[in-house]
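*Asks:* return atomic coordinates for the entry below.
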Amino acid sequence: MTADHHFHTIIIGAGPGGLACAAVLAREGIDVLVLERRRRIGAKVCAGGVTWSGLARHLPDELIEKPFSSQHIRTGRQQTVISSPEPIISTINRENLGQWMAAQAARAGATIRTGTQVTAITANEVLTNSGRFTYDFLVGADGSNSLVRRFLRIPVVHLGAGVQYLVPGHFDEMVWHLDPDRFATGYAWIFPHRNLASVGAYVNRADMPPRVLQEKLHHWMAGHGMNMAGLKAEAATINFDFRGFHFGNRFLVGDAAGLASGLTGEGIYSAVCSGEAAARTIIDPGHQDAKLARLIKKHRQHRGLLRLCGANRQFAKIILESLVAALRAKIIHFSALEMGE
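*Replies:* Numbering: from 1, shown residues only. All right, here's what the predicted structure looks like:
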């Protein structure tokens, strides 16, 4: 093992949350190290949707694959189109986003090491396959199966499951299908990108096993005339079991903290928001992050709605049909279903 190296802050995980945290810290001249187990930053199973109320309006145009100012929402009883002057949701390539965010962090002065597997964490050091590093502050941005969270002995109970296929072709509509008879408390989606679409489904794992979700998705795709021959399923587990993000000199951000929406699975904005909040708290221990407080409030609202829908299938139908009717009548705005502001 190589000689010890000390960093003011070590961030485990080079996803959006970790890189956002690193960029803010590095701009303040803080010595920060980002450790990423993959050799290439950015690749992740993800539908690639970013909301205007969250991240999309802050990204350069070259990262946007397709913007959608209309959302096609379908249920078992109705369908509607929700429109807005600005793009409600845009699609991005997660690898391109990761590479762009990594460049921003590195340009600010962060050290990023890829292909580095963390093997153990102690009170003041991180052991890896390429050396041992000591820290003053530690940030866990290492996803739903977070090693940092396990080190902190914070359990994970509430998880979502997502499965998608990348279907070649050109798709013009962004589609959401809410149907409790098919997808329980979850939904199916079509998120078009430049030359393909992410077609998938998401559900609270307490309401439907992932294997059943995949079978339901297959039937739904077949009903939409999609040929799955030669396509490979991509699956992901999404942690929405939030139990705090600040633990002394250690932080959890994004999926590691359980800040994804349990209702929709949306997590990119939550990762960036919490990553930046962790950085500002490290810089100023008295910092109270208003944006993060609003995010946590919305996260709790989504959890509450998810619990209501999960209590009874017929009740879920009534809630979801009423929700879509309220969207159609413009009683509520689509942003109520998003994690952004």
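*Asks:* so where's this structure uncertain?
*Replies:* 1-3 (pLDDT under 70).
*Asks:* spatially central residue for it, please.
*Replies:* residue 267 (2.0 Å; C-alpha atoms, centre = their mean).
*Asks:* verify the stated contact: that one with residue 259.
*Replies:* Yes: counting by C-beta atoms under 8 Å, residue 259 is a contact partner of residue 267 at 7.2 Å. Where you see a C-beta, it was placed from the backbone N, CA and C, and this is true even at glycine.
*Asks:* picking up where we left off before, give the contact list for the residue nearest to the centre of the chain.
*Replies:* Counting by C-beta atoms under 8 Å, 6 or more residues apart in numbering, residue 267 touches 238, 254-255, 259-261, 339.
*Asks:* tally up the residues packed near the nearest residue to residue 195 once chain neighbours are set aside, please.
*Replies:* Spatial nearest neighbour of residue 195, chain neighbours left out: residue 168 (6.7 Å); criterion: C-beta to C-beta, 6 or more residues apart in numbering. Residues near residue 168, counting by other C-beta atoms under 10 Å, number 10.
*Asks:* do you know how far residue 168 is from residue 278?
*Replies:* To residue 278, residue 168 is 39 Å away according to C-beta to C-beta, to the nearest Å.
*Asks:* same question, residue 133
*Replies:* In terms of C-beta to C-beta, residue 133 sits 18 Å off from residue 278.
*Asks:* which of those two has more neighbours?
*Replies:* residue 278 (33 against 21).
*Asks:* which residues touch the more buried one?
*Replies:* Contacts of residue 278 (C-beta under 8 Å, 6+ apart): 21, 139, 245-246, 251, 253.
*Asks:* switch to 10 Å and redo it
*Replies:* When contacts are counted by C-beta atoms under 10 Å, 6 or more residues apart in numbering, residue 278 is found next to 9, 11, 17-18, 20-21, 24-25, 137, 139-141, 245-246, 250-254, 257, 287, 289, 292.
*Asks:* so it, which state does it fall into?
*Replies:* For residue 278, the assignment made with DSSP: H, G, I helix; E, B strand; the rest coil gives helix.
*Asks:* look up how far residue 267 lies from it.
*Replies:* Relative to residue 267, and taking C-beta to C-beta, residue 278 is found at 16 Å.
*Asks:* on that earlier part again, backbone dihedrals for the residue nearest to the centre of the chain, please?
*Replies:* phi -140, psi -10 (degrees, to the nearest 10).
*Asks:* and it, how far from residue 226?
*Replies:* 25 Å.
*Asks:* buried sites along stretch 83-95?
*Replies:* 84, 87-94 (16 or more other C-beta atoms under 10 Å).
*Asks:* next: stretch 7-24.
*Replies:* Quick answer for stretch 7-24 (16+ other C-beta under 10 Å): 7, 9-24.
*Asks:* start and end of that stretch, how far apart?
*Replies:* 15 Å (C-alpha to C-alpha, to the nearest Å).
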